[in-house]
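# Whatever this is, show me its structure:
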Amino acid sequence: MSISTLIKSIQDIMRKDTGVDGDAQRIGQLVWMFFLKIFDDREKEYELLDEKYRSPIPSRLRWRNWAANAEGMTGEELMDFVNNDLFRKLKSLTPAQDDPRGFVIRNVFEDAYNYMKSGHLMRQVINKIEEGINFNKAADRHLFGDIYEQILKDLQSAGNAGEYYTPRAVTQFMVDMVDPKLGDRVLDPACGTGGFLTCTIEHVRKHYVKTVEDEQQLQGNIIGVEKKPLPHLLCTTNMILHGLDVPINIRHDNTLARPLRDYTPASRVEVILTNPPFGGMEEDGIEANFPATFRTKETADLFLVLIAHLLKDGGRAAVVLPDGTLFGEGIKTRIKEHLLQTCNLHTIVRLPNGVFSPYTGIKTNLLFFTKGTPTQEIWYYEHPYPAGAKSYNKTKPMRIEEFAPEKTWWDNRVENEYAWRVPIADIKARNYNLDCKNPHIGEQEIHDPDVLLAQYNAMQNDIIALRGQLKGILGEALQRGVKA
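Have a look, this model is predicted:
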């Protein structure tokens with residue numbers, strides 16, 4: 001059975017349950033079940049490798065002892081067990097201080113919920129999971145990436161704004177160019193389901209891990225923070241599947257909620273890779289955690305300030321940001337000026353429309369910078385569509401092979417039809433407007449209806465984002481007026 005067929009069959013069962021209202025709840029229900037199944041499969045591996053291994057989960061609550069038997073508990077008995085025993089105990093689990101896996105499990109279940117009301121339907125779902133996937137099989141573990149993509153597509157259709165899936169090609173290109181090394185602490189301060197972190201794990205293992213000690217060092221240097229409970233649960237599960245036995249450094253928190261001054265030098269890291277939420281507004285009071293000159297409710301702007309602060313001198317970052325950040329004025333100008341004074345923003349890769357379809361039509365950019373020396377010039381690279389393509393879609397997404405020209409150009413930079421450089425003097429003369437157009441391509445008149453429609457949708461999304469920013473600015477101005 002294919003992954004999409006499996007997920008669809010499970011969700012079809014859940015749709016019959018009166019307690020599950022909408023795709024978001026169905027996904028939340030599915031994810032905590034997957035977590036327990038995955039953790040149990042991994043425990044079988046731990047037990048083979050270490051005869052002294054003891055599970056942090058009480059015996060009766062382990063997946064194998066209540067879920068794995070297709071003829072096991074069902075109906076009211078199952079619902080009573082899940083609601084009054086399983087969830088109650090795991091939410092209040094008190095692990096030993098030397099048992100970090102127990103803390104991970106408790107953190108996962110603190111924000112998990114059982115929405116189903118029918119024990120008979122729940123038994124059908126459990127049996128589908130049990131018979132459909134064995135996460136100790138390499139093939140099934142690999143296919144979990146497909147499960148994530150399916151879940152994220154469903155999340156988007158459920159209307160969860162900001163749950164944008166960063167295409168694997170973009171994630172891998174950013175990781176390859178930043179080149180995290182063994183010993184680098186790698187942070188994603190808005191990690192979502194963990195795409196940048198899992199790609200980093202694969203990259204470091206492939207290029208730098210040679211010994212068991214190297215692997216332990218790698219596992220201790222992967223750090224993620226996610227604000228929303230469901231992506232956090234997905235990320236934690238993803239880390240376990242990628243061999244992080246104890247993903248204790250994947251925290252459920254809002255990175256922006258901590259005052260900037262409280263991040264000490266010990267908090268700083270060598271690498272940051274992230275696609276922070278953009279187009280949204282932070283809750284009241286969050287902006288007060290930042291210096292007055294950078295205070296705004298625009299999430300992407302606050303993250304850019306935070307990222308520059310959290311890098312060590314010599315630290316490298318790659319960040320996905322919308323066009324609005326590049327050309328925005330006011331506070332955005334001050335933030336960009338600060339970034340270019342404290343970091344070397346050496347490269348901006350401009351992505352075409354449709355890279356993040358169907359999640360958003362907003363045009364995006366990849367910013368690469370190094371902390372510690374001011375920017376002298378910025379190289380731009382305008383990523384073209386592949387030959388014969390006019391946009392991206394579900395059946396023809398962006399592929400990593402498309403970035404081969406950028407990779408070849410990266411260490412031997414010369415201007416060409418896609419690449420150009422802009423001196424810092426020109427950037428200052430533009431009042432730090434980073435929206436620099438490709439000088440090698442003149443204005444082109446476009447008649448293709450698909451391209452025009454994609455451009456129109458992108459403009460509409462930009463307008464919506466700008467309206468939100470204006471509301472925030474006006475709200476701040478009104479508040480200052482009231483205080484005065």
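
# for this protein, which spans come out with low pLDDT?
Applying pLDDT under 70 to the chain flags residues 1, 3, 135-164, 279-281, 357-361, 442-484.

# who's in contact with Ile240?
Applying C-beta atoms under 8 Å, 6 or more residues apart in numbering to Ile240 gives the contacts 38-39, 42, 247. Placement of C-beta: from N, CA and C, glycine included.

# now Leu182
Counting by C-beta under 8 Å, 6+ apart, Leu182 has contacts 204, 208-209, 214, 217-218.

# Same question for Arg205.
The contact partners of Arg205, by C-beta under 8 Å, 6+ apart, come to 215, 218.

# what do you get if the cut-off is 10 Å, keeping everything else the same?
Counting by C-beta atoms under 10 Å, 6 or more residues apart in numbering, Arg205 makes contact with 182, 214-215, 218, 242-243.

# Over to Gln216?
209, 245.

# Now do it against Gly314, distance only.
24 Å (C-beta to C-beta, to the nearest Å).

# Give me the distance between stretch 73-86 and the centre of its chain.
34 Å (C-alpha atoms, centre = their mean, to the nearest Å).

# now stretch 273-283
With C-alpha atoms, centre = their mean, you get 11 Å for stretch 273-283.

# before we move on, what about stretch 296-306?
Distance, centroid of stretch 296-306 to centroid of chain: 16 Å (C-alpha atoms, centre = their mean).

# still on that earlier bit, quick one: the contacts of Leu182 as JSON lines, columns for distance to Asn65 too.
Formatted as JSON lines, those follow (distance: C-beta to C-beta, whole Å):
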{"residue": "Val204", "distance to Asn65": "36"}
{"residue": "Tyr208", "distance to Asn65": "40"}
{"residue": "Val209", "distance to Asn65": "35"}
{"residue": "Asp214", "distance to Asn65": "36"}
{"residue": "Gln217", "distance to Asn65": "35"}
{"residue": "Leu218", "distance to Asn65": "33"}
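
# Now that we have these, which of them are buried?
Buried members of those, scored by 16 or more other C-beta atoms under 10 Å, are 204, 208-209, 217-218.

# Go through those residues and flag which are in helices.
Counting by DSSP state H, these place 204, 217-218 in helices.

# closest to Asn344 among the residues you listed?
Val204 (23.5 Å; C-beta to C-beta).

# Go ahead and confirm the closest one touches Lys181.
Yes: counting by C-beta atoms under 10 Å, Lys181 is a contact partner of Val204 at 7.1 Å.

# list residues touching both of these two?
Common neighbours of Val204 and Lys181, using C-beta under 10 Å, 6+ apart, are Asn221.

# for the nearest residue to Tyr46 once chain neighbours are set aside, what are its contacts?
Spatial nearest neighbour of Tyr46, chain neighbours left out: Tyr53 (4.6 Å); criterion: C-beta to C-beta, 6 or more residues apart in numbering. By C-beta under 10 Å, 6+ apart, the contact set of Tyr53 is 43, 45-47, 101.

# Who wins on neighbours among these?
Arg101 (22 neighbours; other C-beta atoms under 10 Å).

# Just the buried residues of the helix or strand hosting that one, please?
Take DSSP states H and E as the rule and Arg101 turns out to sit in helix 100-110. Judged by neighbour count using 16+ other C-beta under 10 Å, the buried positions of helix 100-110 are 100-109.

# Kindly report the same for stretch 49-62.
55-57, 61-62.

# cool, and stretch 271-289?
For stretch 271-289, by 16+ other C-beta under 10 Å, it's 271-279, 281-282, 286-287, 289.

# from those, which is closest to Gly330?
Glu287 (13.5 Å).

# Am I right that the closest one is in a helix?
Yes: inclusion of Glu287 in a helix is indicated when DSSP: H, G, I helix; E, B strand; the rest coil is applied.

# How much space separates it from Cys436?
Distance from Glu287 to Cys436, by C-beta to C-beta: 29 Å.

# how does the chain divide into domains?
For the chain, automatic domain parsing gives the domain ranges 3-156, 161-471.

# helix or strand right after the helix or strand containing Ala300?
Following DSSP H and E, one finds Ala300 within helix 299-310. Next along the chain after helix 299-310, taking DSSP H and E as the criterion, comes strand 311-322.

# For that next one, list every residue counted as buried.
311-312, 315-322.

# Return the member of those nearest to Lys336.
Leu321 (10.4 Å).

# ok, now which ones touch the closest one?
274-276, 278, 300-301, 303-304, 348, 364-367, 434.

# again, 6 Å this time
300, 365, 367 (C-beta atoms under 6 Å, 6 or more residues apart in numbering).

# The last one - that's part of a helix, no?
Read it as Leu367. No: counting by three-state DSSP, Leu367 is not found in a helix; it is strand.
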